[in-house]
Every structure is written in C-alpha cells, then in structure tokens.
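# just need the structure, nothing else, for what follows:
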Amino acid sequence: MMKIDVSPDMPMYNLLRSYPYDLAGALSEYIDNSLQAYLDAPEKIRKEIGVLEVSIEVQLKDKHSQYIKVTDNGVGISSEALQRAMKPGFKPERQSLHEFGIGMKAASVWLGREWDLSTYPIGHKKVYSLDFNLDELISKNQKKVDVLESFATSEDAHGVSITVNKLRDISQEEVVAACTDLHDIYQIFIYRDKVLKLTFTLDDTSEDLMSQKVRTEPEPLRYPKAYLLKPSWSDDALAFKCGDERLWKKDISFSFNGLPVTGFITVRKEASQANNPGLALFRYKRLIQGSETKEYRPKALLGSQNKAAPSKIYMELHLDGQQISHTKGKFNFDEQRLLQILKKHEIVKEFIDQAEAHRPSYEKRKAVIKCVSKEDMENKLDALKLKNQAGKSSSTKAKAFNGVRGNREKSTPHSINNDKKNNPIDILSLVNTPNSIIIEDITKEAVDLYNMNKNWSFALCYRVVLEKLMHEKIKVAHPQLYTDNLSDKGIAALLKYLHSNQHLLDGSKWKALRRSLNTLSKDDLIDITNLASHGHNKPSREKLDTLLLNTQELVKWSLDN
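Below is the predicted model of the structure:
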C-alpha cells in the first residue's frame, strides 16, 4: 500500500463544488484524460488497444444508490502518474486536451462527494485503486489517501474505471442533453479519425444514448457563381448564374493572436435553420463552440436570421493554442476581432455573397438567367432594362383606359383573380421576398402541406409566414415603432396592435384590410395557429380555408411596397 498526497488545504475541494461546469463539461474531463493518454502512447500500444472505448453508465433510478461510472480500455495510469495526477495543482508540460491539471479531480468533486478509481496500466503487472471520500478527509483534516496495490489477473482489463457516488442533483433531461453535447464535442475523433467510441447508458436500460445521427460535414453546393440584383427599373429581384458549375467548399487559413488558424468554409446544398451549426470552432480537434443543437451564427458576420447565410454557411475553424476557459467551454479571446478578420477575408466574403444570391426558389420556377460571364450578365441586364422601358411605354394608354373605367387597383404580375373558383391557398402565390429566402421557403412548404391535406403542419407554417411577413413590413415602414414595441410579438399580439392602431394603414387603399382586422379580432380564427403550435388543436380544412380568406388582405398589405 502507498499513500498519495491530495493536498492543498482540503476545504479547497469544497470550492470545486461550485466550479462552472455542466454535466457534459464534467464528463468530458474523463474522456479528455483517456483520449490524450491514448494519443500520446507509442504506436505499438495504440495498435494493441485498437479503438479507444469509453463507456459512461449513469444510475439515477434509486435515489439511495445513484452513481456515475466511467470506464475506458485505454493506457491506464501508472503509480507515478497517479501520484502526479491526484495533486490538484499539477499541470502537464504542454497544451493538450488535459492541460489544466485539475480536470479529473474537479469533475469528480463537482459530480459527487465520494468517488473511487481503479486502474490497470497497460504493460504493467499491478492494479491500483483508491477511495476519495471528501467529507471524511475534511472532517479528519487528512491530506493523504491510501492506494491499494494488487497483482493483475487474467480477468483484469487495462484502462481506468472511475465511479462517483453521493451525486449532486442530476436530472434525466440533463443526462440526455449531456450525451448530445459529448457527441458533438468529440465528433472528429469519433467519425473522422475513428479513434474513439463512446457509449452512454442511463439506468437499467441497454439503449446506448450515443446512437445518434452521425455528425458529418454538410454536402456542399454545386452551382455557378450566383448574383441577385434589384435594379431600380424592375419590380422584382433578378437572379443570375454565371460561368461553369463549381463546388462551394474551400480551405481557409489566417493568423489570429499570433497563431495559425486553419479550416474550411462551405455553402450548403440544402439550407437548414434547424441543423446548421454555422461556425464550428475546434481546439485540438475538440469542439468548443457551434453545434447543431447550440449553433453559432454570429449576426455580425452572417447577418440576421431572415437572411440566407445563417442557414447556408458552414465554417469549420481549428484554433489550436488559443486561450480557453478552465472548463474548456469557451474561448478566452476577443470574439469581435475574430469576426472582423473573417468579415474581411476574401474567401469568406465570396461564400457569404454566394449563399445570399443563390435562390433555389428562383431555380424551381426557372427564373434564373444563365450567363457565360459577368460581362454577359451586364449585357443581358441592359437588354432587360430596354425591354422593360418599352413595355411600360406601350402600356400607358391601357392603364389610362382602366382609370376611366374606374379600375384603380394596382396591377402586378402576381395578382390573383378573385374568381370563386380560385383556391384560398392561391394567396400565397403573391409571396416574393428577395431579401428573405426563409420566408419564401416556408411559404412553399406551407403550400405543399396544404395540398397534401396536412392541416396541423400547414397551420404551423402559415403562422410563421404571417408573423414573418408582418414583422418585415412593420420593421421597414416603422423601424422605431418596431424596435420599441413589436420586435418580439407573436401573430395574435401583432394583429391586436394593428387593429388598435389602424392609422398605420392607408385609409383609402386598405379598407378591406380594416374589415378583415375587425373579423380577425372578434373570432377565434387566428387562435387556430396558436393552438396548433402548442399541439392543442387539429384544425379542419374548412377552418383553414376561412383563415386564408380572412387574411388575404393582410398578406397583400404585408407585401405592398
């Protein structure tokens, strides 16, 4: 038996209980230790081990016997390394995954008041084990713990096993969330390098919570250089594609804080508000910020959420050596300075421009103009301008005639006939928002759901469309009012405000909208979308058609320039 000094003053361990961890951060300390020891081992030993397997078992079912057990098949800890590692102030000589020297101790004390460790170092003959009971050590003012030694048998497997008891209050929801976070943090080691396998079980189930969607790079867009222009002489934005098709993925590198940064940038083939991490920031291949569940899409670089770039730009950056918090949960550097460097980076600027200009909705309706070069595009723009001017000149008399007949309705290429044979959903054919691909995409989704008779899903989408359209309209027409009063309002609150403040509407032009607002404010039609969003209502087609008819003027007003 040997003894290990675990000082400094034992009360210091109580301070570790308030260490700013979350569950994933604490568990990652064990994984970091195992993984770094594996990566530092000679190739011969790594081959003997094969893939490093780390299993995490969490038992919460019985409050009197809760525990967390972490086991690996890795290198293990020698007696000398164990004595160094148990010293809270011990710090490894170089930066790495386990660089701060407090990880295992801090994590264990944060998780519970008592823990034990057993290790069989590969290539050694002995197994070492110790018990760490914080309350007992403090009460007895002890600074050393006993380490038991025994000769390994054929039943002993090399690696480390740590069991933490007397747990802090941990919920099942925290466990599931931690599992997802760990999946994200170690995605490169699991899927790209294929050196790590994590398994995670909760209570008495055999289900592996790590059996999740594989974390892979998004498929890059293959498309020519795109341009989206809004000439003063055109009512609509014009989409162009110039030159040959290319793959929109490219390596990038630059210097930040005197250290090299490497990575790549991609314009995604499929835009995704739900699953796009945005910027994924790694350090020694360990994800620090930017995942599918906790995306990092800085507005200062990618723009607001109604732009295309936040849902289409994926960037992976490796910032090895940069300063990091002791919990390894965030970088300790000037974020705005990093974003300024990226904003000025020529490749990054080109890719963000492509993300904004590429519009699948234009491609689907065959409204993209193909050009062989930028010069060709400018020539075609000139030709379109001349054609537009000629068309306006020839239609002057026809417009005057319509005025004599009393028809003063504004004519647009998208206007819909009010014939009773028209489908109520036709109102959404008006939606054309060049500055927001999100609204266009959600509108298309809403139409598809309506046509498939998926009433509940349609109600959810239509609610988003109405809210987005009204937000954009008020933000442009009354920016100060929007910022002060309406930026965070939902559809019901927006309608109520508009009904109470009808001076915001042009009295002569929007009489029909005033009548619609009166109707919408007096019945429960708009509640259909709110109830559906909370899962409390499955609206009928008849009610949805009535809703569409009663909100037609609202849609027209929202789109009116």
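
# any weak-confidence spans in the stretch 451-561 of the chain?
For the stretch 451-561 of the chain, applying pLDDT under 70 flags the ranges 506-509, 521-538, 561.

# repeat for the chain
1, 7-16, 87-102, 206, 210, 392-422, 433-438, 506-509, 521-538, 561.

# for residue 104, see how far away the residue nearest the centre of it is.
By Cα atoms, centre = their mean, the chain has its centre lying nearest to residue 295, at 2.6 Å. Between residue 295 and residue 104 the computed distance is 30 Å (Cβ to Cβ, to the nearest Å). For the C-beta atoms, the positions are set from N, CA and C on the backbone; glycine is no exception.

# residue 276 is in contact with the residue nearest to the centre of the chain, correct?
Yes - using Cβ atoms under 8 Å, residue 295 is in contact with residue 276, at 6.4 Å.

# can you list the domains in the protein?
As assigned by automatic domain parsing, the chain contains the domains 2-202, 222-363, 421-559.

# now the ones you listed in CSV, with distance to residue 208?
Output for the domains of the chain, formatted as CSV (distance: least, Cβ to Cβ, whole Å):
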stretch, distance to residue 208
domain 2-202, 5
domain 222-363, 18
domain 421-559, 29
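
# relative to residue 386, which of those is closest?
Of all the domains of the chain, it is domain 222-363 that lies closest to residue 386, at 9.8 Å by Cβ to Cβ.

# check which helix or strand covers residue 294.
Under DSSP states H and E, no helix or strand contains residue 294.

# quick one, what contacts it?
Residue 294 is in contact with 181, 184, counting by Cβ atoms under 8 Å, 6 or more residues apart in numbering.

# torsion angles phi and psi at it?
For residue 294, the backbone dihedrals (degrees, to the nearest 10) come out as phi -130, psi 70.

# from residue 287, how far out is it?
When distance is defined by Cβ to Cβ, residue 294 is 10 Å away from residue 287.

# give me the common contacts of these two.
With Cβ under 8 Å, 6+ apart, residue 294 and residue 287 have common neighbours residue 184.

# ok, which stretches of the stretch 151-300 of the chain are helices?
Along the stretch 151-300 of the chain, the segments classed as helices by DSSP state H, counting those that start in this stretch run 172-185, 187, 299-302.

# among the ones you listed, which is nearest residue 229?
Closest approach to residue 229 among those (Cβ to Cβ): helix 299-302, 20.9 Å.

# which of the residues in that closest one are buried?
By neighbour count on 16 or more other Cβ atoms under 10 Å, the buried set for helix 299-302 is 301-302.

# helices or strands next to it in the packing?
Counting contacts by 3 or more Cβ pairs under 8 Å, 6 or more residues apart in numbering; DSSP states H and E, helix 299-302 packs against helix 335-344, helix 346-357.

# ok, which of the helices of the stretch 151-300 of the chain comes nearest residue 494?
Among these, helix 299-302 comes nearest to residue 494, with 22.5 Å by Cβ to Cβ.

# what about the closest one, distance to the chain center?
Relative to the chain's own centre, helix 299-302 is displaced by 14 Å; criterion: Cα atoms, centre = their mean, to the nearest Å.

# one more: stretch 231-250?
27 Å.

# could you do stretch 364-382 as well?
In terms of Cα atoms, centre = their mean, the centre of stretch 364-382 is set 34 Å apart from its chain centre.

# then that stretch to CSV, C-alphas only?
Output in CSV follows, covering the C-alpha atoms of stretch 364-382 (Å, rounded to 0.1, in the frame of the first residue of the first chain):
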residue,chain,number,x,y,z
LYS,A,364,-37.5,25.8,-59.3
ARG,A,365,-39.7,28.3,-61.3
LYS,A,366,-37.0,28.6,-63.9
ALA,A,367,-36.5,32.3,-63.3
VAL,A,368,-32.7,32.2,-63.1
ILE,A,369,-30.9,33.9,-66.1
LYS,A,370,-27.9,32.0,-67.3
CYS,A,371,-24.7,33.9,-68.4
VAL,A,372,-21.3,32.8,-69.6
SER,A,373,-19.6,35.6,-67.7
LYS,A,374,-20.2,38.7,-65.6
GLU,A,375,-19.8,40.9,-68.7
ASP,A,376,-22.5,38.8,-70.4
MET,A,377,-24.7,39.4,-67.3
GLU,A,378,-24.3,43.1,-67.6
ASN,A,379,-25.2,43.0,-71.3
LYS,A,380,-28.4,41.0,-70.5
LEU,A,381,-29.3,43.5,-67.8
ASP,A,382,-29.1,46.3,-70.3
